[in-house]
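In: Sharing a model that was predicted from the sequence below.
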Amino acid sequence: AQSVTQLGSHVSVSEGALVLLRCNYSSSVPPYLFWYVQYPNQGLQLLLKYTSAATLVKGINGFEAEFKKSETSFHLTKPSAHMSDAAEYFCAVSLGSGTYKYIFGTGTRLKVLA
Amino acid sequence: DAGITQSPRHKVTETGTPVTLRCHQTENHRYMYWYRQDPGHGLRLIHYSYGVKDTDKGEVSDGYSVSRSKTEDFLLTLESATSSQTSVYFCAIGRTGGFGTEAFFGQGTRLTVV
């Protein structure tokens, strides 16, 4: 069965510092992996997704994630944090190709300090 | 955002009353989903639909029913609301976006059961 674990429910970084949000997955099949961002009182917006085409995936707003099969990880990074990056971030795994049935992690709230 | 409208956006209801949440899409997508979001749990799938009158259960379907009599509308009903169903409810559709096919989420409905 698929599952997702996000380490750290809250992460704080200084503006301009590296952002690293951790996600580990468990999947019995080649996974489709996603990172979503949620700003206060809004829905979820897709940042990026992995579908096996490339292990380093680039997303919007300068974010990227690297798929590491040996570590079953899909960590989200951004070289330099901006105040506008403050939000909650969710990692998710799809239950199969062509479906939007996702298993979500519990989320990581990112705080950016001035 | 364009494409999905959830109504109402906020609702307070009493324990034991039935409640219906509506998700309306304007893009004629086949796949529609209801998720609930709770602190510490991320998003969890309640029910989903592959087309008109074609629905199935997700991982947290107890106490919920759905109906889809038209492509554009997917209704979620809490048959007898309980305090444990206090949550934020998100509708999602499968659509083509900047990353190819992706789950696109509505703005959410905040439901409080008192």
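Out: Thanks, I have it. Numbers count the residues shown, from 1 in each chain, chains lettered A, B, ... in the order given.
In: for chain B, what spans make up the strands?
Out: Across chain B, reading from the start of the chain, the strands by DSSP state E fall at B:4-7, B:10-13, B:19-25, B:32-38, B:42-51, B:54-57, B:64-70, B:73-78, B:87-97, B:100-105, B:109-113.
In: quick one: buried residues of the last one?
Out: Spelled out, that is strand B:109-113. Within strand B:109-113, the residues that count as buried by 16 or more other CB atoms under 10 Å in any protein chain shown are B:109-111, B:113. For every residue, glycine as well, the C-beta is placed using N, CA and C.
In: repeat for the third one
Out: Of the residues in strand B:19-25, B:19, B:21, B:23-25 count as buried by neighbour count, 16+ other CB under 10 Å.
In: What is it packed up against?
Out: For strand B:19-25, the packing partners by 3 or more CB pairs under 8 Å, 6 or more residues apart in numbering or on different chains; DSSP states H and E come out as strand B:4-7, strand B:10-13, strand B:32-38, strand B:73-78, strand B:87-97, strand B:109-113.
In: from those, which stretch is densest packed?
Out: Per residue and on average, the most neighbours among the helices and strands packed on strand B:19-25 fall to strand B:32-38, with a mean of 24 (mean count of other CB atoms under 10 Å in any protein chain shown).
In: Partner strands of that one and their direction?
Out: In the sheet, strand B:32-38 lines up against strand B:42-51 (antiparallel), strand B:87-97 (antiparallel) (DSSP bridges).
In: Mean pLDDT and distance to residue A:111 added to the helices and strands packed on strand B:19-25, as a markdown table?
Out: Putting those into a markdown table (pLDDT from 0 to 100; distance: least, CB to CB, whole Å) gives the following:
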| stretch | mean pLDDT | distance to residue A:111 |
| --- | --- | --- |
| strand B:4-7 | 96 | 28 |
| strand B:10-13 | 97 | 26 |
| strand B:32-38 | 96 | 19 |
| strand B:73-78 | 98 | 33 |
| strand B:87-97 | 89 | 21 |
| strand B:109-113 | 98 | 23 |
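In: quick revisit: would you format the strands paired with strand B:32-38 as TSV with distance to residue A:67 included?
Out: Rendered in TSV, the data for the strands paired with strand B:32-38 read as follows (distance: least, CB to CB, whole Å):
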stretch	distance to residue A:67
strand B:42-51	20
strand B:87-97	20
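In: Name the residues of chain A found near chain B, please.
Out: Chain A has residues A:4, A:6, A:9, A:34, A:36, A:41-46, A:48-49, A:51, A:59-60, A:90, A:92, A:98-102, A:104-107 near chain B, with proximity defined as CB under 8 Å from any CB of the partner chain.
In: Count the residues that sit near residue A:95.
Out: Burial of residue A:95, expressed as a neighbour count using other CB atoms under 10 Å in any protein chain shown, amounts to 18.
In: show me the contacts for the closest residue to it other than its chain neighbours.
Out: Of all residues not flanking residue A:95 in the chain, residue A:101 sits nearest, at 4.4 Å (CB to CB, 6 or more residues apart in numbering or on different chains). Contacts here follow CB atoms under 8 Å, 6 or more residues apart in numbering or on different chains; on that basis residue A:101 touches A:94-95, B:33, B:45, B:48, B:58.
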